[in-house]
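> Below are the sequence and a predicted model for it; my questions follow.
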Amino acid sequence: MTETAVYRWLLAGWLALAPAVFVLLLRVTAPYGRHGRRGWGPAVPAAAGWVLMELPAPLLFAFFWWAGGAPLRMPQLLFLALWELHYLHRALVYPLLRIGRGRPMPLSIPLLAIVFNVVNAYLNGRYLFGIGPAYPAGWLRDPRCLAGAALFFAGWAVNLHSDAILRRLRRPGETGYRIPRGGLFRFVSCPNYLGEIVEWIGWALMTWSPPGLAFALWTIANLAPRALAHHRWYRATFPDYPRERRALVPFVL
């Protein structure tokens with residue numbers, strides 16, 4: 001069987017698995033952060049866990065770019081730059097900025113995330129730099145690319161701003177939780193997740209590719225159930241939690 005055939009089967013299975021993961025995570029909330037609980041095996045410091053689970057994504061994507069002949073055409077360079085922008089921040093900067101980063105998370109969480117990041121980086125990297133059709137230089141002027149890039153940057157900015165608000169809630173040494181306010185927290189409990197979902201929907205539009213669509217669906221499958229769990233937790237923990245605030249989508253959900 002050729003790599004292309006294996007790739008197609010893997011992508012089809014990956015797309016089919018996303019709805020099942022969504023349903024599973026609606027019933028079982030991943031046990032880290034405020035939802036941490038015992039019974040999930042040995043633990044590692046949270047900062048180390050973030051580095052461990054996120055770092056394979058930028059390394060593998062860069063490897064597939066190099067293995068694909070290191071194309072220097074602008075569309076491929078744009079894809080490479082935006083992927084690395086997100087993941088190098090998530091793997092190396094975000095863990096160091098987190099206050100309370102020494103709190104442990106079950107080792108099973110980063111191990112599962114590594115599986116996701118390896119498969120996702122392979123599907124996207126091999127398609128964009130090898131298996132998929134070549135993008136012409138004029139793709140940068142295509143409305144799908146322009147709209148997708150705008151969504152990507154808008155989602156990235158919302159994600160970073162919301163994370164900064166969450167970090168400022170705690171003083172050094174504090175580990176408790178408070179009600180976040182300001183920015184898109186005026187409308188939803190988890191604008192950081194909303195921003196990341198918008199970011200990867202933009203990626204799917206910008207690359208106009210099946211693995212890009214799969215990535216967007218997996219992001220929704222992972223983050224939407226967690227946003228709902230966060231929202232329920234906020235309401236149960238803080239009696240004065242703003243009642244008009246939604247979980248993930250302003251005025252809707």
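That came in fine, so what should we check first?
> When you work out contacts or count neighbours from here on, use the C-alpha atoms and nothing else.
OK.
> and Ser108, how many neighbours?
By other CA atoms under 10 Å, 17 other residues sit near Ser108.
> surely it meets Gly49?
No: the pair Ser108 and Gly49 fails to qualify as a contact (CA atoms under 8 Å) at a distance of 9.7 Å.
> what sits in contact with each of those two?
Here Ser108 and Gly49 have no joint contacts, going by CA atoms under 8 Å, 6 or more residues apart in numbering.
> in this protein, which spans are helices?
Under the criterion DSSP state H, helices of the chain are mapped to 3-27, 46-54, 56-67, 74-88, 94-97, 108-126, 143-168, 191-207, 210-237.
> possible to save those helices as TSV with mean pLDDT and distance to Thr175?
Output for those, formatted as TSV (pLDDT from 0 to 100; distance: least, CA to CA, whole Å):
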stretch	mean pLDDT	distance to Thr175
helix 3-27	96	25
helix 46-54	92	13
helix 56-67	97	28
helix 74-88	96	26
helix 94-97	86	14
helix 108-126	96	20
helix 143-168	96	11
helix 191-207	98	19
helix 210-237	97	15
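> Identify, out of those helices, the most deeply packed stretch.
Among these, the stretch with the highest mean neighbour count (mean count of other CA atoms under 10 Å) is helix 191-207, at a mean of 25.
> by how many degrees do it and helix 108-126 diverge?
Counting by axes from the mean of the first three to the mean of the last three CA atoms, to 10 degrees, helix 191-207 lies at 20 degrees to helix 108-126.
> Quick one: work out the angle between helix 191-207 and helix 74-88.
Helix 191-207 runs at 160 degrees relative to helix 74-88, counting by the same axes, to 10 degrees.
> Now do Gly195 against Tyr241, distance only.
Note on Gly195: its distance to Tyr241, by CA to CA, to the nearest Å, is 22 Å.
> oh, I was asking about Ala43
Going from Ala43 to Tyr241 by CA to CA gives 31 Å.
> Isn't Ala229 up against Thr29?
Yes: counting by CA under 8 Å, Ala229 touches Thr29, with 7.0 Å between them.
> Can you get me a residue count around Pro45?
So Pro45, with other CA under 10 Å, has 15 neighbours.
> One more: Val93?
When counting by other CA under 10 Å, one arrives at 12 neighbours for Val93.
> Can you check the pLDDT for it?
Note on Val93: pLDDT of 92.
> Wait, Ile131 touches Thr4, no?
Yes: the pair Ile131 / Thr4 is scored as a contact, 6.9 Å apart, by CA under 8 Å.
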